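S.K.: can't give you the sequence, but here's the structure:
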């Protein structure tokens, strides 16, 4: 049971949406897409996680992502910035990384909260929280006909969102913290974890297949 609820600050929410949408726009530019492709990737990356959350897992009516015009406007601005300033975006890489790290924890916690309030179990809420945080990037990669980056060996990204979702559930359900305190703890943990991952280049490794899968030949008959 959650004690109270928290809402993402409007400016932060729009800023994180802008950062995610910008990454989608840059992916389209890198692949030489036209304006339609760039806008589509910006839209999917910016809103994909939230649309999956509200449209697939939670039946809570029309999502505010579509009723509030500011989200679409911010995504359009992100696409234009990617087109105009694409070659100079690297100058803001550190700022974008900070917003991305904060957004991971915030969206993971927010997705978990909405799921718990909608009656989902804690494990299901954690799943939705992770999808809320990384779903836009997964959809972006699928539209580009690439394997999703979160499935490949690399820096802890999905695992960082998972840490944020689990910590929110632990603080709000097990420790019975208020929703605001739980969200602050989840965002702080996620941000520190992500920052350490980048600073020390912590990376996942491929899962080695066991010997049971190494030989497809049937065993010899005695």
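M.R.: Good, I have the coordinates. These figures come from a predicted structure and were not determined experimentally.

S.K.: mind listing what's buried in the lowest-mean-pLDDT helix or strand in the chain?
M.R.: Among the helices and strands of the chain, helix 64-67 carries the lowest confidence by mean pLDDT, DSSP states H and E, at a mean of 90. Within helix 64-67, the residues scored as buried using 16 or more other C-beta atoms under 10 Å are residue 65. From N, CA and C alone the C-beta is placed, and that goes for glycine too.

S.K.: just stretch 50-67 next, same as before
M.R.: Neighbour-count burial for stretch 50-67 [16+ other C-beta under 10 Å]: 50, 51, 52, 53, 54, 57, 58, 63, 65.

S.K.: Endpoints of that stretch, how far apart?
M.R.: Distance across stretch 50-67, first residue to last, is 13 Å (C-alpha to C-alpha, to the nearest Å).

S.K.: hmm, back to that, now do the least confident helix or strand of the chain: everything it contacts.
M.R.: 47, 50, 51, 54, 71 (C-beta atoms under 8 Å, 6 or more residues apart in numbering).

S.K.: mind checking which helix or strand the second one is in?
M.R.: What that stands for is residue 50. helix 35-52 (DSSP states H and E).

S.K.: centre of the chain versus that helix, how much separation?
M.R.: 13 Å (C-alpha atoms, centre = their mean, to the nearest Å).

S.K.: what's near enough to touch residue 202?
M.R.: Contacts of residue 202 by C-beta under 8 Å, 6+ apart are 155, 156, 196.

S.K.: go with 10 Å
M.R.: When contacts are counted by C-beta atoms under 10 Å, 6 or more residues apart in numbering, residue 202 is found next to 154, 155, 156, 159, 193, 194, 196.

S.K.: Can you say which of these are buried?
M.R.: For these, buried by 16+ other C-beta under 10 Å: 156, 159, 193, 194.

S.K.: which of the residues you listed sit farthest apart?
M.R.: The span of the buried ones among the contacts of residue 202, defined through C-beta to C-beta, is set by 159 and 194 at 9.8 Å.

S.K.: Who are the contact partners of the residue lying closest to residue 89 once chain neighbours are set aside?
M.R.: Excluding its sequence neighbours, the residue lying closest to residue 89 (C-beta to C-beta, 6 or more residues apart in numbering) is residue 26, at 6.5 Å. The contact partners of residue 26, by C-beta under 10 Å, 6+ apart, come to 38, 41, 42, 45, 78, 79, 81, 82, 83, 86, 89, 96.

S.K.: Just list the residues touching the first one, thanks.
M.R.: Contact criterion C-beta under 10 Å, 6+ apart gives 24-32, 78-80, 82-83, 86 as the residues in contact with residue 38.

S.K.: Just flag the most distant two among the residues you listed.
M.R.: Largest pairwise distance in the contacts of residue 38, by C-beta to C-beta, is 18.7 Å, between 32 and 78.

S.K.: check contacts around residue 60.
M.R.: Counting by C-beta under 10 Å, 6+ apart, residue 60 touches 53, 54, 114, 117, 118.
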